[in-house]
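Peer 1: Quick one: sequence and predicted model below, then my questions.
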Amino acid sequence: MFTSRALRRFETLKDELQYMKSADHHGPQHRLSIVFDHGMNNVANGNSYPTGLQNSTSRQSLIGSLSNVVSRRLANKTSERSSEPKHYKNLNNLKAAFSEFYLMLVLLQNYQVLNFTGFRKILKKHDKIFQTTRGDEWRKANIDVAPFHTSTKVNELIRDIENTFTDSLESGNRAEAMKRLRVPPLEEKTSPMVAFRLGLFVGMLCLLLPAIFAFANQLHTSKLNKALEWRAALLLYRSTCLIIVQVIFSGINVYGWSKSGVNHILIFEIDPRHHLTYQRILEVGTSLLVLWFLSFIGFILASYFGSYPFIQPLIFVGLLILFVINPIPIFYREARFWFIKKLARVFSSPFHPVGFTDFWLGDQFTSIELVFFDLQSFFCFYAADSTWWSTDMTSPSTSHTGFCAGWTEIFLQAILMMLPSWFRFAQCLRRYRDTKQAFPHLTNAGKYASGFFVVITNSLRRGTITKYVNNKMANPFLYLWVLAAIIGTVYKLTWDLTMDWGFFDKKAGKNKYLREQLVYPSKKYYYAAIVENVLFRFAWVINIFIYFDEHSAEYSDVIGFCFGFVEIFRRFIWNFFRLENEHLNNCGQFRAVRDISISPMSTGIDYKLIDYKLRKQPGIRNRRRIAPSETIVEEDITSMTDVSTRDEPNNETKPFIQYLIPTHDTTGIDRVNEINKQSEDTLSTDTHSLTLHNESDLPNGTVEV
């Protein structure tokens, strides 16, 4: 049944290819020649002109004739376009359709092998338990010769697609054709150049880190014996450092997911053909960190010589922004643009449906609230204080007025710090609007709403600190802040462990306090993560002691930077178990509908190797969700994954199952083909279009983080 449908699709694609070839043959040049020939004939014959143009010059006559002809041709062309099929309007769309069809064939091929492997392993286990060889004998007599195993139609279709795509769409360049068709595995081999650059950047970091300490120790004062402005430098540099470290941690996350079989490509809905591997993410992170160290060293040297030191962090921030928005196709442009699109979706959360990538990215923002807090200081530093540009000033003034001082400053900082929680709060409300499920969406929204109260009460505490300087215990906002922080922390911690990670499951069995299924190899990782999450969630308690210790308050900026790093590290650990839980939910709830770590299989299959890989890497792996505009699988096929119907074979497949078990006669192939033909007539033919409607929907239009 599936093979016959694949054949029909292949014929459709070939028809579209032939249509495009014929359109190219009678394309714009042919039409243009018709226009000019027709126009010149009119000029020579002196007809087809309005009466008012007959007495004009020949040049005006020619222009008028061409204008009339071109107008008629444009009208005809518009009419033709309206009647043309809307499928495959350009070559890229046709290539994308071939690519998706090729992917479907490889999925079908893998499904064919998986069925045979399942029979073989089940019967092998049967023989091992009952100490018999009947299972192996039955397999050889019935399964080894069954049509679903012996049929080579899928292999032939794959070869035909490769040849057609190579000859007709890539001008015989097979390497380019295979690059477009095939999907790289999750465990993609490291590129030598990427590995070299990554090693180079790591080596540079090993040299730059001690260099900073050496410069800071030797050049702590300028030539004019003025102390360097370390506090201002910390405020200007710490946010960019946290962002870069988070990028590096994300690369390590991707490495752990790939090695453990957690399919982040499916979960983040990344195009499997165009995504960044963990080596490339680490390359980006380490290269940016090298630039950060160089900029900081430049600040130290410029401060020592009194040569515009505070222009260094401004230049570095400008380089970061330019790196992200650079439209030139270098430095992984597709990945950067994918990230920009996701950022835009987070910032506009209430106005569109929310996917996993959107709220995962929103959660990352909640861990860099310090970055949003520093935005106010950064803009006020460069906008409200002109002394940072002065040639005779090593330290700009830190006193500001207007929007950068007093309660206005605290208010702006509070608004900026609440933005990450607002993004997630709005996403939860949107999810509730779309699903009408109060739990978990409204409950989750309450978790982020608790963050609003923490920020507000803390801002009030900071704003009134001078009023209660002699009696800090009398500050009522201190107690409100502590109460709000305790409630918010317990709320978030409970959600982390039970909802985001799925721990403390009643069905955990031998995995005490965890969940029934685990992906990572040792339970110690899970228990250590629980302890780490509890400790780091309550790290804010240290601020209470700092509030009463005036000596420690002088280092509040440094302590705040340490808190920011601790929170990023906590989120780094959180990501491992959050993606693991989502991966298991995809498998357990049958939400995964597409495999992506695949390549065409050879006809000679090493089943011992398959056994080894299945034992080494258990579980359903490497799948990807298909966007509605990209899918090439019929709705009636994908609906078979529904829990209510997946265990019961339909009436059309029962004859095949009954045939498969009792007989192994090769003459039954004709009978199976007849059943397939009958099934095709009875099943629904509602399909999604093979067409990707615009270039933004093409598979290469999206990438991986």
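Peer 2: Thanks, I have it.

Peer 1: what's near enough to touch the residue nearest to Cys428 when sequence neighbours are not counted?
Peer 2: Excluding the flanking residues, the one nearest Cys428 by Cβ to Cβ, 6 or more residues apart in numbering is Ala445, at 3.6 Å. The C-beta positions use only the backbone N, C-alpha and C, and glycine is treated the same way. Contacts were defined as Cβ atoms under 8 Å, 6 or more residues apart in numbering; by that measure Ala445 touches 425, 428-429, 432.

Peer 1: and Ala445, how far is that from Asp271?
Peer 2: 31 Å (Cβ to Cβ, to the nearest Å).

Peer 1: Likewise for Pro210?
Peer 2: Pro210 is 41 Å from Asp271, by Cβ to Cβ.

Peer 1: Between the two, tell me which one has more neighbours.
Peer 2: Remark: of Pro210 and Asp271, Asp271 carries more neighbours, 21 against 9, as counted by other Cβ atoms under 10 Å.

Peer 1: Which parts of the chain are strands?
Peer 2: With DSSP state E, there are no strands along the chain.

Peer 1: got any ranges where it has weak pLDDT?
Peer 2: 1-4, 21, 23-90, 183-189, 273, 386-403, 588-705 (pLDDT under 70).

Peer 1: which helix in it runs the most residues?
Peer 2: Criterion DSSP state H: the longest helix present in the chain is helix 91-130.

Peer 1: can you pull the buried residues of that helix?
Peer 2: Buried residues in helix 91-130, defined by neighbour count with 16 or more other Cβ atoms under 10 Å: 93-110, 112, 116-117, 119-120, 123, 127.

Peer 1: What of stretch 276-285?
Peer 2: Neighbour count says stretch 276-285 has 276-285 buried, by 16+ other Cβ under 10 Å.

Peer 1: Ok, stretch 221-228 next?
Peer 2: Result for stretch 221-228 [16+ other Cβ under 10 Å]: buried residues 222, 228.

Peer 1: Now do that stretch: everything it contacts.
Peer 2: Taking Cβ under 8 Å, 6+ apart as the rule, stretch 221-228 contacts 219-220, 300, 303-306, 309, 394-395.

Peer 1: Redo those residues as CSV? Include neighbour count and distance to Lys467.
Peer 2: As requested, the contacts of stretch 221-228 are exported to CSV (neighbours: other Cβ atoms under 10 Å; distance: Cβ to Cβ, whole Å):
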residue, neighbour count, distance to Lys467
Leu219, 16, 40
His220, 13, 36
Ile300, 22, 38
Ser303, 26, 36
Tyr304, 20, 40
Phe305, 14, 43
Gly306, 16, 39
Pro309, 25, 36
Thr394, 21, 34
Ser395, 17, 29
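
Peer 1: which of those lies closest to Pro420?
Peer 2: Pro309 (31.0 Å; Cβ to Cβ).

Peer 1: Just list the residues touching that closest one, thanks.
Peer 2: 228-229, 233, 299-300, 302-303, 394.

Peer 1: how does it look with 7 Å?
Peer 2: 299, 302-303 (Cβ atoms under 7 Å, 6 or more residues apart in numbering).

Peer 1: Show the backbone phi and psi for it.
Peer 2: phi -70, psi -30 (degrees, to the nearest 10).

Peer 1: Next one: it from Leu208, what distance?
Peer 2: Taken as Cβ to Cβ, the span from Pro309 to Leu208 is 18 Å.

Peer 1: With only the CA atoms kept, save stretch 429-444 in PDB.
Peer 2: Extracted C-alpha coordinates of stretch 429-444, given in PDB (Å, rounded to 0.1, in the frame of the first residue of the first chain):
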ATOM      1  CA  LEU A 429      -1.600  32.600  29.100                       C
ATOM      2  CA  ARG A 430      -1.400  32.000  25.300                       C
ATOM      3  CA  ARG A 431      -1.100  28.300  25.800                       C
ATOM      4  CA  TYR A 432      -4.200  28.400  28.100                       C
ATOM      5  CA  ARG A 433      -6.100  30.300  25.400                       C
ATOM      6  CA  ASP A 434      -5.200  27.800  22.800                       C
ATOM      7  CA  THR A 435      -5.800  24.600  24.800                       C
ATOM      8  CA  LYS A 436      -8.400  25.700  27.500                       C
ATOM      9  CA  GLN A 437      -6.400  23.700  30.000                       C
ATOM     10  CA  ALA A 438      -6.100  25.500  33.400                       C
ATOM     11  CA  PHE A 439      -3.600  22.900  34.500                       C
ATOM     12  CA  PRO A 440      -0.700  23.200  33.800                       C
ATOM     13  CA  HIS A 441      -0.800  26.500  31.900                       C
ATOM     14  CA  LEU A 442      -2.500  28.800  34.400                       C
ATOM     15  CA  THR A 443      -0.600  27.100  37.200                       C
ATOM     16  CA  ASN A 444       2.600  27.700  35.400                       C
END
